[in-house]
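>>> here is a sequence together with a model predicted from it:
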Amino acid sequence: MIRGGGSLALLVVPFVLIVATMTAQPSDAQELPDPAAAIDSLQGWDQAIEGLQRTAEALQSSRSYFGEDIRGLHIDEDWSTRILTPQTQAALEALRATAETQAGAGDQRGLRATIATAAPLIRAEARKALLLSAYWRDSAAVRLHRDLLMPWIEGESDYVRETMLRHIATTQQSLLDEMERAFASPRDKDSAKAVEQMQRIRQNAAVHYNVNRMEFAHRQAGSATTPPLLSRARTSPCGPPVPPVAGIKAPRFVTNTVDPEEWYPPLAKLNHVGGIVLVEVEVSDTGCAQRATVIRTSGATILDEAALLMAQAAKYQPPMSDGKAVAATLRFNVRFR
């Protein structure tokens, strides 16, 4: 059992969400067994094994998202060599056959003893599965940040480029080292500690990468190698006109019509990809956003695009001139944290 802070299963929920996002059947990725759960029946035994098997099947369709880790392995390859290996499966199948015989003969005492023998083996597989999933969750997050950084790293000096690439490699190695240390220990508390440490490594690295990505993007703004800033014209009908407001020079938001949190791309939020996007909106005299343009990028297209969508979804109060509503522009920051 894992004590002092809840089950290990709760610490790797983001991994389950990632797999659910990348697979056609989310339920396949939502049944990773909890190593702290008691296994005291054949039903509990079967549910735990089936959960591991279904997750293994789901990983086949999500391997492209997770990509290769620092060892050059894919998640399903790593899983197949560590979780429910042929040797472990053979041992469990032999115990399962004994349990079925005992159940058929009404030997409840023998059945309980066999389940008690199998339970630690099953919980060990669950512990390893959750530890492995935590590693790949965090490794994939670092990989995503690396991919977002690469276009900007190329425009920096050799020193900055080498320093950043070394930081990424060191972070990836640190995650792997934490996982391997925990795999070498049979103690649940060491696995829980490793999962928490990997999460801290990922979160601290994300802060570093977000800050540097935006710094690189702002420094390289306007250069020949910088990708063009995004701009989006309205393609949907405008809503009812919004009454104008006297005494203002620029449009202003209609209170509570948009919340940046609702527009935060799920995978970006899950992987702690954050940033600030400066957006300019062309607002009609009816308070409708006709065009939204990124003026200063976050360095992550996924966030820039979300900021434009949010800006177009908002309602605005247009200013007045000579007693009439007029079209105008508004600039504002969209913060994804």
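Structure's in. What do you need?
>>> off-centre distance for the strand or helix carrying residue 136?
In this structure, residue 136 sits in helix 108-153 according to DSSP states H and E. Helix 108-153 sits 16 Å away from the centroid of its parent chain (C-alpha atoms, centre = their mean, to the nearest Å).
>>> neighbours of residue 254, how many?
Residues near residue 254, counting by other C-beta atoms under 10 Å, number 14. Just so you know, the C-beta spots here come from the backbone N, C-alpha and C atoms, and that holds for glycine as well.
>>> do a quick rundown of the helices in the stretch 151-300 of the chain.
Here the stretch 151-300 of the chain has its helices, by DSSP state H, counting those that start in this stretch, at 158-183, 188-219, 260-263, 266-270.
>>> picking that back up, could you check the angle the helix holding residue 136 makes with helix 188-219?
20 degrees (axes from the mean of the first three to the mean of the last three C-alpha atoms, to 10 degrees).
>>> now do helix 108-153 against helix 158-183, angle only.
Compare the direction of helix 108-153 with that of helix 158-183 by the same axes, to 10 degrees and you get 180 degrees.
>>> so which elements touch helix 108-153?
Contacts defined by 3 or more C-beta pairs under 8 Å, 6 or more residues apart in numbering; DSSP states H and E place helix 108-153 against helix 8-11, helix 13-22, helix 42-66, helix 75-82, helix 86-104, helix 158-183, helix 188-219.
>>> deepest-packed of the helices of the stretch 151-300 of the chain, please.
Most buried of the helices of the stretch 151-300 of the chain, by mean neighbour count (mean count of other C-beta atoms under 10 Å): helix 188-219, with a mean of 19.
>>> that helix - contacts with which helices or strands?
In terms of contacts (3+ C-beta pairs under 8 Å, 6+ apart), helix 188-219 is packed against helix 8-11, helix 108-153, helix 158-183, strand 275-283.
>>> tell me the mean pLDDT over it?
Helix 188-219 comes out with an average pLDDT of 95.
>>> quick one on the thing from earlier: the helices and strands packed on helix 188-219: lowest mean pLDDT?
When I compare those, helix 8-11 is least confident, with a mean of 52.
>>> where's residue 76 relative to residue 132, distance?
11 Å (C-beta to C-beta, to the nearest Å).
>>> between these two, which has more neighbouring residues?
A count of neighbours by other C-beta under 10 Å puts residue 132 above the other of residue 76 and residue 132, at 20 against 17.
>>> let me see the contact set for that one.
Neighbouring residues of residue 132 by C-beta atoms under 8 Å, 6 or more residues apart in numbering: 78-79, 82-83, 179.
>>> rerun at 7 Å
By C-beta atoms under 7 Å, 6 or more residues apart in numbering, the residues touching residue 132 are 78-79, 82-83.
>>> which one of those is nearest residue 52?
residue 83 (6.2 Å; C-beta to C-beta).
>>> next, count neighbours for that closest one.
19.
>>> now it. Nearest residue, chain neighbours left out?
residue 129 (5.1 Å; C-beta to C-beta, 6 or more residues apart in numbering).
>>> residues contacting that neighbour?
So residue 129 contacts 32, 52, 55, 83 (C-beta under 7 Å, 6+ apart).
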